[in-house]
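In: Below are the sequence and a predicted model; questions follow.
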Amino acid sequence: MNNRASLLSVNNLTVNYGAIQALKGVNLDVYSGEIVAVIGANGAGKSTLMNAIMGAVPRAGGEVFLDGKLLPKESFNIVSAGISLSPEGRKVFAPLTVIENLNMGAFPIKNREEIYSEMEKVFKLFPRLNERKTQYAGTLSGGEQQMLAIGRALMAKPRVLLLDEPSLGLAPIIISEIFKELTEINRQLGMTILIVEQNARKALLLSHRAYVIQTGQMIMEGNSSDLLHNKDVEEAYLGGNR
Amino acid sequence: ADTIKIGFLASLTGEGSTFGQEQVRGAEVAIDEINAAGGVNGKQLELIVYDDRGRQEDVIVSARRLIDEGIQVIGGANSSGMVMALAPILEKARVPLVSPFASNPAATFDVKKKKVRPYVFRLCATDPWHGTVMADYLFKKLGVKTAALLHDVGSESSEGVKQFFVERYTQLGGKVFSYGYRSGDVDFRAQLTKAKATGAGALVMPSMYKEMGLMVKQAAELGWKPALLGGDGFSMTMYEIAGDTMNDSYWSSNMDLEDKNVQAVLAKYEKKFGAKEAEYTSVVMAYDIMYAISDALKRAGKYDGESIKNALESTKNLQLAHFNLTMDPATHDPLAKPLVIQQFRSGKMYYVETWTVK
Amino acid sequence: MDKEILRLEKVNKSFGGVHAVKDISMTIAKGELTAIIGPNGAGKTTIFNLISGVYKVSSGDIFFNSKSLLRFRPDQIVGMGISRTFQNLRLFNDASVLENVMTAMQQQQKYSFFEAVSHLGRWKNKEKATKERSMELLDRVGLADRYMQEAGTLPYGLQRRLEMARAIALEPELLLLDEPAAGMNAEEIEQLNQLILKIHSDFNLTILLIEHHMELVMKICPHIICVNFGAKIAEGTPNEIQNNKDVLVAYLGEDD
Amino acid sequence: MIEILLRQILNGLSLGSVYALIAVGYSLVYSILLFSNFAHGGFLVVGGYICYYAMLSAGMDITTAAVSAMAGAGVVAVFTDRLAYRPIRERSSRTIYLMIASMGINIVIENIFVVTVGGRFRALPAIFPSGSLDLGGIITASYFDLFSLLISAIFLVILQLFLIKTKWGLAIRAAAYNLRTAGLMGVNVNRLIAIVFFVAGVLAAVGGIFLSARYTLYPQMGGITIKAFIAAVIGGLGSLPGAVMGSLVLGLAEMLTTAYISSQFRDILVFSMLILTLLFKPTGFFNKQIGEKV
Amino acid sequence: MSGYLEGIIALLCINCIAGMGVSLLTGFTGIFSLGHAGYMAIGAYTAAVMTVEYSIHWFPSVICGGILSMAVGWLIGIPTLKLDGDYYSIASLGLGETIRLLIENGGSVTNGARGYPGIDAFTTVPVALSFLVLMAVAMFFLISGNYGRAFKACRDDSQASSLLGFHTAHYRVLSLAISAFYCGIAGALMAGYMSFVQPIMFDSAKSTELVALVVFGGLGSMSGSLVGATILTLVTELFRPMSKYRMLVYGIVLVLIMVLRPSGIMGKHELSPEYIKEFITGKRKLAVVKR
Ligand SMILES: Nc1ncnc2c1ncn2[C@@H]1O[C@H](COP(=O)(O)OP(=O)(O)OP(=O)(O)O)[C@@H](O)[C@H]1O
Ligand SMILES: Nc1ncnc2c1ncn2[C@@H]1O[C@H](COP(=O)(O)OP(=O)(O)OP(=O)(O)O)[C@@H](O)[C@H]1O
Ligand SMILES: [Mg+2]
Ligand SMILES: [Mg+2]
């Protein structure tokens, strides 16, 4: 289906939480310039997958490759290698201001100008953050925090951007905007995006390809437009015909 | 059995470990010597040492353990506080204890019940005696009429010395300004600044060596040069802290370092441990305690606590390394123990005279 | 008109320079199911925080069953019959699912300190009741099979359900739900709709909820209030709201 | 009278400046790991002894000895992190475990010196010129006091600049809030913490050298850090200017109480001051607390 | 039974009682006090003065020691428990020391820094054991129910707890008062065990020891604090013959246990047959950290 070399490739990834096996040998490929969505029910292991790629939870087995090279195990090395994550539940640095949070996102970047221009871009994407520049992140509204988390992940200028439920807690209008922006970012900058979403319909509309995960295993894979019309997917994740 | 066990309580850890560790070594020198000379009535002596961390609660547990192991006589327990905490236990178990430095009269004499604590003895001079001698010497011999005194409000012995110093000094017509501090303090500049302002001609220090060293040093720093007179908390280590600022200072002490008997003990120490002793008073005092005990064992002929206690009580004219011991049965103090005044000059202690109050 | 249960009168709240809630007035009738919608940062959560006593109002007044809430501490307000869930989950993560619910349930099953240290008197019955009723409740929200799991290790969606269960366990008259559907997929939201409707009728509750998922709001809430920049911009039935120009511009977007 | 008062104030400031050196290091570790590092007193002792033996046994001059002491205490601090705190951190996020471990480490360090070099009180040879500077004719200040004030000031300024101006400083503050997420930003958290410990160790060593030069050196010397902790709390935990200000206030309060009230009540007053400060300023003077929103 | 062994058992009971008190406050309510030795001191001196000065029977004296200590805890708690985390810890360190210093300056009533001698040795093994058993039962009963859950809720998230209807300030003060009561009783028994009390016995090192034994046993585990008290008391005793290495060993043990098992010996679990079985078969899974 795609003859480009895969940029991010996950091979046979396993993660355990004590006795619970949260990922059972997951395979996934993201090709350069693609948006790939992962959909699945609560507890299917989506966040675990993201965290395992980022080295935030230990991998019990399997490997992750970026551009054919084995990805290191420690989060900070993974970030430098070119992957960044907007985590589930935002995880903004509450006692830091919005600007400081964004600066943290740009930690691997050395050049100050670059950081500055990147921040401009984020502010253009989320004007609300610009208004709240010097406010402590902990006092932002839920949606504002979500914007900050996405903005922070963009600041690292990643080759692959991981988004864990970016629409969580966002107003419909903002979701539409963000998804539009993501399409733009993807199209203009060619940024590769791996997204986990509960709003499966939107995710499928946004992405080129998608995976369906169920209790720690990939059960389906395909072009998003195909999955959108797949009977099973429709029933299980899209909430009937709407 | 063929050995007699003697218990020993010392601060092997904690702030008092400087003295505690030396006391154990001093006692060991004596035990070796006694055993080499055939022991006591043909029995060898064995020293059992437990740490008391310098704290009452530990000394009690350690003493209970010694008693439990069947030990009938104990040396050590440095402070009056410890000894007073131990007294009821010793009495119940009928095990006598000879303390090196419990100098508070109340350690061996129960003031409330107005009777001697039957199982507690000491070899050092008491605080009243130190205080009186120091006041007397300062006023009469050194001719200083106004003195400043820094005392540790939390220390049994410092307070005791202070009380009797003030009593004697004012009785003689002198004037004393006294300032308190608390054990553990390291900065005395506030007190010294005030003391200096009174125009006192002497700084009197019934304290431990660390405090005295710091006081001497800080007084010099403030540009104050009074006559210095310290108590028996002296240690050579002070010199390291205070350096030459402590030159010409006077010290009231239990023993004369230049005494040849004392020197003999220290020589044995050096031979056994291959190093010079650090705290001569501690070494010699513990050494003498062992001799006092072994003498009592010899005379008692029986090795139960009560007999040993009776023998200790009736000790007479026993020549120890640093003095001639006759135990006062009414107070369990050495009878008429002379105090020595020494002077410190460029890193050395010199004998000045033995002072008695008339 | 039904009997009113909650009334906000010209409520204001500022944080330094941020005027988060502006002159909001609203009335909620007993038994109603009402939604508050509005863009991010519009002040919705702040309204909840004011009602539940987390923040003190800057001006205005809030009445619950005709009694002003301003003088009361959060725990007293809970005692009066208002409970809530949190937008950012606030579960006892290390405690088990069951224990989370029991902690709330026990407010209805009190016994004295003496009974507690002696296990005499009411202790046994009350403890039993607390546990049984908590299990029942867990069963209702679909968490019964996970009752021993540590709450913090539940997947996000289930944590939200547990929060609801905990709030219901307080047996409130008025239940405040802050984005109950966040992190759920369409299918799960459908289930949640059923759940909310069911508890609404089973427990005789008045529910006020904040949501961004219109498939929930429009379907189950006959009464919707829309706020923007801290002020109320619209109020009405789903139909009215969906066709309100201001709401469309500020919040819903021109549809996709 | 006024002369004595001035003298006492100067005494207080000089004591306070030594507290400040210790408090700043302590506060720094607190600011990133959010626990009271009781082993800080141990680092102090390590620094003091290294300097002592470097001068007396190895015959180094004071500068070399001091630098070795700083490096040595820094390395020991990093080691304690590597061997104790880091494994704990990896297993749990509760800072109390770190605090208890630090108490244990303090006991270990203290007693390593007790069993190896003994509990004796020592003193560094006179390393500072003992003279004093005339301040406007009324009063003199010893070079030692001036020097320790100056050193504390220099360290404080450098550190504060580091924390505010550099991205590593920002990373420290972010990591203080959430280590894991800081890692997700590309921060090598363990290295960051190692740096912090090294700096704290260096500061402790400087404090230790001053303490053992001004007062005396012994294994339990670290006990004085409790005063520095209190100073840091009065100033506001995690705030470096707060730590310095708290230290100076504490030093002054101690001296003036001793001089004009009673040495017996000194500590009671110090503690009362601490508690009163907290009752009126629950997070100290220089700290702003940003609570998490519901 | 030998006197030494009896002494150890009595000491163990005393430490366990104080440990339970601190465990309630620290493990269950999440408040770290570095000043609980102060409450022991209040109990100890109350019992000492009542028995010696007023010749009152030891039993009411011990109870009064506990109650007085509880009252002080309550009074102190109301203003200070508003403080957060380490601020409270350091404040409590100050409070504990203040109590000690006040006793030290208590003149003829407390006999000052020199200590208070001549107390009847009323803390025999049966006495200490009975107190321990009774107080342990009450404590375990207390934590297994409404109050236990309320304390834990306040510990885990005080804001959420108040929104679940708990008057958190009240529970914090209550917890402090109870723990002060336990420490007061322990202190009073200590007076009867030592037959001598001195302010220095209740310094901040003692407070630290209490917290250490609780953490060592496992925060949030009442049986853990008993196990912790037992082990640490025995370690100190077993190593007594090693004299100067003793404190070194104590420190190393403390660090090692924190490194190897930071959640303490028992974690937050209570000692139960199932727990022991799971522990032995190694089925206890390590809790995964979430922050
Ligand atoms: N720290 C943990 N300890 C134990 N189990 C965990 C932990 N974190 C997650 N799990 C379990 O692993 C499984 C997968 O969780 P994960 O958070 O990856 O799901 P998810 O697909 O992201 O769900 P959601 O859509 O609700 O976010 C769940 O069953 C969850 O209970
Ligand atoms: N404690 C606070 N300090 C300062 N500003 C605050 C505080 N709490 C809220 N705000 C500000 O008030 C505004 C309203 O916040 P609120 O949380 O009520 O929004 P919301 O409507 O719930 O938004 P969302 O849907 O994104 O959760 C926001 O702009 C927020 O930044
Ligand atoms: Mg998830
Ligand atoms: Mg909100």
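Out: Received the coordinates, thanks. Ligands and ions are numbered 1, 2, ... in the order given.
In: Name the spans of the chain whose pLDDT lies under the cut-off.
Out: Since no chain was named, I'll use chain A. A:1-4, A:239-242 (pLDDT under 70).
In: if you could check chain E rather than the one you did, that'd help
Out: Per-residue confidence of chain E (counting by pLDDT under 70) places the weak regions at E:1-3, E:240-244, E:278-291.
In: so where's the longest helix in it?
Out: The single longest helix within chain E, with elements called by DSSP state H, is helix E:168-194.
In: Over to chain A?
Out: Under DSSP H, chain A gives helix A:172-189 as its longest helix.
In: Any idea how many residues pack against E:Tyr88?
Out: E:Tyr88 is flanked by 24 other residues according to other C-beta atoms under 10 Å in any protein chain shown. For the C-beta atoms, the positions are set from N, CA and C on the backbone; glycine is no exception.
In: Over to C:Asp139?
Out: 13.
In: Please apply the same query to B:Asp2.
Out: By the other C-beta under 10 Å criterion, the neighbourhood of B:Asp2 contains 8 residues.
In: wait, isn't it in contact with B:Gln44?
Out: Yes - with contact defined as C-beta atoms under 8 Å, B:Asp2 counts as touching B:Gln44 (6.4 Å).
In: which outside residues touch whichever helix or strand comes after the longest helix of chain E?
Out: From helix E:168-194 onward toward the C-terminus, using DSSP states H and E, the following helix or strand is strand E:196-197. The contact list for strand E:196-197 (C-beta atoms under 8 Å, 6 or more residues apart in numbering or on different chains) reads B:56, B:60, B:84-85, B:88, E:41, E:44-45, E:48, E:115-119, E:190-191.
In: again, 6 Å this time
Out: For strand E:196-197, the surrounding residues in contact (C-beta atoms under 6 Å, 6 or more residues apart in numbering or on different chains) are B:85, E:44, E:48, E:115-117, E:191.
In: Give me the subset of those lying in strands.
Out: For the contacts of strand E:196-197, membership in strands holds for E:116-117, with DSSP state E as the criterion.
In: Now the single nearest residue of chain A relative to ligand 4: closest residue in space, sequence neighbours ignored.
Out: Residue nearest to ligand 4 within chain A: A:Gly142 (4.2 Å; C-beta to the ion). For A:Gly142, ignoring the flanking residues on the chain, the nearest one in space by C-beta to C-beta, 6 or more residues apart in numbering or on different chains is A:Gly169 at 4.3 Å.
In: Mind telling me which residue of the stretch 1-150 of chain C is nearest chain A?
Out: C:Asn40 (2.4 Å; C-beta to the nearest C-beta).
In: related to what we said a few turns ago, which is the succeeding secondary structure element to the longest helix of chain A?
Out: strand A:192-196.
In: hmm, the following helix or strand past that following strand in reach of ligand 1?
Out: Towards the C-terminus, the helix or strand next in line after strand A:192-196, according to DSSP H and E, is helix A:200-206. No - no part of helix A:200-206 sits near ligand 1 under the criterion C-beta under 6 Å from any ligand atom; the closest distance found is 11.0 Å.
In: List the buried residues in helix A:200-206.
Out: Of the residues in helix A:200-206, those scored as buried under the neighbour-count criterion (16 or more other C-beta atoms under 10 Å in any protein chain shown) are A:200-204, A:206.
In: Can you give the distance of it from its chain's centre?
Out: Here the centre of helix A:200-206 is set off from its chain's centre by 14 Å, with C-alpha atoms, centre = their mean, to the nearest Å.
In: Sheet-wise, list the partners of the next helix or strand after that helix with their directions.
Out: Beyond helix A:200-206 in the direction of the C-terminus, DSSP H and E gives the next helix or strand as strand A:209-214. Partners of strand A:209-214 in the sheet, by DSSP bridges, are strand A:35-40 (parallel), strand A:217-223 (antiparallel).
In: E:Leu81 and A:Glu113, how far apart?
Out: Counting by C-beta to C-beta, to the nearest Å, the gap between E:Leu81 and A:Glu113 amounts to 51 Å.
In: what does B:Leu203 give?
Out: The spacing between B:Leu203 and A:Glu113, counted by C-beta to C-beta, is 68 Å.
In: which of the two has more neighbours?
Out: Taking B:Leu203 and A:Glu113 together and counting by other C-beta under 10 Å, B:Leu203 has the greater number of neighbours (25 against 8).
In: in which helix or strand would I find the more buried one?
Out: Using DSSP H and E, B:Leu203 maps to strand B:202-205.
In: Please save the CA atoms from that strand in PDB.
Out: Listed next in PDB are the C-alpha coordinates belonging to strand B:202-205 (Å, rounded to 0.1, in the frame of the first residue of the first chain):
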ATOM      1  CA  ALA B 202      38.900  36.900  84.400                       C
ATOM      2  CA  LEU B 203      36.800  34.500  82.300                       C
ATOM      3  CA  VAL B 204      35.800  31.400  84.300                       C
ATOM      4  CA  MET B 205      34.700  28.400  82.300                       C
END
